[in-house]
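Asks: quick one, structure for this:
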Amino acid sequence: MTFAIVGFGSVALSGAYGMVARGGNLGELRRYLSGRTSASLGVIIAPVFGIAAMSVRPGGSEYGQLWAIAGMVVWLLAGTLLFAVVRPTEARLRSKATPVDELRPYATRLAWAGAASDLLFLGALLMMVTQPR
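Replies: Numbers count the residues shown, from 1 in each chain. Below is the predicted model of the structure:
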């Protein structure tokens, strides 16, 4: 669970800094992105522990339950968005080769992709914790 919270926070910060940069503060975004972090990978590790916990659960596993399948699918979508859009956009914004006047569209993409990824991760996390039936 801690991995998910740390990773979720990292993705949320990326989206928030993208939103700040949309307003014109591109220097702050570059400062944030100057340090590389792998904290967002925590959201990818969390399902491994969740699957392991479901495997040893008393009374049998619940892999076939709708909430478990839906949670895993939503988590997979969020992870795909993270690695297909958020991380490459961060890399593009981190690049010194990109002129500052061309960074605003990438900041917008980072803000929206970060927000969408956050919502998907939050939805999956809520499904896994509340286990709606």
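Asks: every contact and neighbour count from this point should use C-alpha atoms.
Replies: Will do.
Asks: tell me the mean pLDDT for the helix or strand harbouring G42?
Replies: Using DSSP states H and E, the element containing G42 is helix 42-55. Mean pLDDT, computed over helix 42-55, is 77.
Asks: next one: the next helix-or-strand element following it to chain centre, how far?
Replies: As assigned by DSSP H and E, the chain's next helix or strand after helix 42-55 is helix 66-81. Averaging C-alpha positions (CA atoms, centre = their mean, to the nearest Å) puts helix 66-81 12 Å from its chain's average.
Asks: elements contacting the helix ranked longest in the chain?
Replies: Using DSSP state H, we find that the single longest helix of the chain is helix 104-130. With contacts taken as 3 or more CA pairs under 8 Å, 6 or more residues apart in numbering; DSSP states H and E, helix 104-130 sits against helix 2-22, helix 66-81, helix 87-94.
Asks: mind listing what's buried in that helix?
Replies: Of the residues in helix 104-130, 104, 106-125, 127-128 count as buried by neighbour count, 16 or more other CA atoms under 10 Å.
Asks: then stretch 22-39?
Replies: Residues of stretch 22-39 classed as buried by neighbour count (16+ other CA under 10 Å): 22, 26, 29-30, 33, 39.
Asks: how about stretch 5-15?
Replies: Across stretch 5-15, burial judged by 16+ other CA under 10 Å covers 5-15.
Asks: so which of these comes closest to S55?
Replies: Checking the buried residues of stretch 5-15 against S55 with CA to CA, the nearest one is I5 at 22.1 Å.
Asks: give me the angle between the helix holding G42 and helix 104-130.
Replies: Put simply, helix 42-55 runs at 20 degrees to helix 104-130, going by axes from the mean of the first three to the mean of the last three CA atoms, to 10 degrees.
Asks: with just CA atoms, put helix 42-55 into PDB.
Replies: Extracted as PDB, the C-alpha positions of helix 42-55 are listed here (Å, rounded to 0.1, in the frame of the first residue of the first chain):
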ATOM      1  CA  GLY A  42       5.700   2.300  -6.900                       C
ATOM      2  CA  VAL A  43       2.300   2.300  -8.400                       C
ATOM      3  CA  ILE A  44       3.400  -0.600 -10.700                       C
ATOM      4  CA  ILE A  45       4.800  -2.600  -7.900                       C
ATOM      5  CA  ALA A  46       1.700  -2.400  -5.700                       C
ATOM      6  CA  PRO A  47      -0.500  -4.800  -7.700                       C
ATOM      7  CA  VAL A  48       2.200  -7.500  -7.300                       C
ATOM      8  CA  PHE A  49       1.800  -7.400  -3.600                       C
ATOM      9  CA  GLY A  50      -2.000  -7.200  -4.000                       C
ATOM     10  CA  ILE A  51      -2.000 -10.400  -6.100                       C
ATOM     11  CA  ALA A  52       0.200 -12.100  -3.600                       C
ATOM     12  CA  ALA A  53      -2.200 -11.100  -0.800                       C
ATOM     13  CA  MET A  54      -5.200 -12.400  -2.700                       C
ATOM     14  CA  SER A  55      -3.400 -15.700  -3.200                       C
END
